[in-house]
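S.K.: kindly generate the corresponding structure for this input.
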Amino acid sequence: MTRIRALLVASIAIGAAGASSSAQTPAPPAPGEYGRSPKLEVFSFETPNRQVRLEYPKRDWQIVPGYVASVVPGATSPIVSLMQRKREAAIVVEQTKLHQPLALDDITDLLGQLEADSIKERQPLASDIHSKLVEAGGRRFVIVNYGRQGVTGAERIRQYSIPAGGDLFRLTCVAAASQFARYEPVFAHVAASFTVIGGSTQ
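M.R.: Reported below is the predicted structural model:
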């Protein structure tokens, strides 16, 4: 798995430069996919090294310990996991060190293709995988939607892949397929509030 991800990030860095001319123009996220929810009461979370900050709901959500800083190029490390108290939904934030920083022009639809391919490699039973390049809140990133069979039944997943300089952050949001619409505003808010402190998220 580590080798696959290392190849992925190496491909992003090497391939993106040649893909810019044929890349699709980023579109805004679909309604409900991304954006702060003004009615949501939230806590703020910040990593111990003060690199990353995000907001999550005060009600019925909790932090699951597990912070590890990623320092080796190609390596992926957990940043934080958020769990709904009834375990109906979860959000996992991971950080991958890139082999070289990505400029804004390097963030193309190729990144979306590579992220979708990475999911297929790691989760062969994943289905209905759709990725798209989007632009919102002053940054460019990828949203991947897909389904899979979980322990308790069908699940729907939305992954936000957010490059920030020399890092790629993935916010993987999971809920039972029947509950996804209920938690979609939470996923959208957490993603929109996600900030790399003191560094570019473009």
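S.K.: CA only for contacts and neighbour counts going forward, please
M.R.: Noted.
S.K.: any stretches of this protein with poor pLDDT?
M.R.: 1-24, 66-74, 198-202 (pLDDT under 70).
S.K.: give me that answer again for 90
M.R.: Counting by pLDDT under 90, the chain has low-confidence residues at 1-25, 47-51, 64-78, 99, 102-106, 137-138, 150-152, 165, 197-202.
S.K.: helices of that one, start to end?
M.R.: 2-19, 109-122, 180-193 (DSSP state H).
S.K.: next up, phi/psi of residue 152, please.
M.R.: Dihedral pair for residue 152: phi -100, psi 10, per degrees, to the nearest 10.
S.K.: residues near it, how many?
M.R.: 7 (other CA atoms under 10 Å).
S.K.: for the closest residue in space to residue 55 that isn't next to it in sequence, grab the count of nearby residues.
M.R.: In space, residue 55 comes closest to residue 44 once its chain neighbours are excluded; the distance is 4.5 Å by CA to CA, 6 or more residues apart in numbering. Residues lying near residue 44 (other CA under 10 Å) number 12.
S.K.: next up, the contacts around residue 44.
M.R.: Counting by CA atoms under 8 Å, 6 or more residues apart in numbering, residue 44 touches 53-56.
S.K.: do residue 144 as well
M.R.: For residue 144, the contact set (CA under 8 Å, 6+ apart) comprises 112, 115-116, 129-132, 158-161.
S.K.: how about a cut-off of 7 Å?
M.R.: Taking CA atoms under 7 Å, 6 or more residues apart in numbering, we find residue 144 in contact with 116, 129-132, 158-160.
S.K.: and the closest residue to residue 33 other than its chain neighbours, how far from residue 124?
M.R.: Spatially, and ignoring its direct neighbours in sequence, residue 33 is nearest to residue 188 (5.3 Å; CA to CA, 6+ apart). Relative to residue 124, residue 188 is positioned 26 Å away (CA to CA, to the nearest Å).
S.K.: neighbour count winner among these two?
M.R.: Counted by other CA under 10 Å, residue 188 and residue 124 do not tie: residue 188 has more neighbours, with 21 against 10.
S.K.: my guess is the more buried one meets residue 38, correct?
M.R.: No: contact criterion CA atoms under 7 Å: residue 188 and residue 38 do not qualify, at 11.7 Å.
S.K.: right, and residue 43 touches residue 58 too?
M.R.: Yes: under the criterion of CA under 7 Å, residue 43 makes contact with residue 58 at 5.6 Å.
S.K.: ok, residue 119 - how many residues close by?
M.R.: Using other CA under 10 Å, the number of residues around residue 119 comes to 17.
S.K.: and the one 10 residues further on, by the same measure?
M.R.: For residue 129, the tally of surrounding residues (other CA under 10 Å) stands at 16.
S.K.: check residue 27 too.
M.R.: Per other CA under 10 Å, the neighbour tally for residue 27 reads 12.
S.K.: how close does it sit to residue 132?
M.R.: Between residue 27 and residue 132 the computed distance is 8 Å (CA to CA).
S.K.: mind listing the strands for the chain?
M.R.: Along the chain, counting by DSSP state E, strands occupy 42-46, 52-57, 61-64, 76-84, 89-97, 127-136, 139-150, 153-164, 167-176, 195-196.
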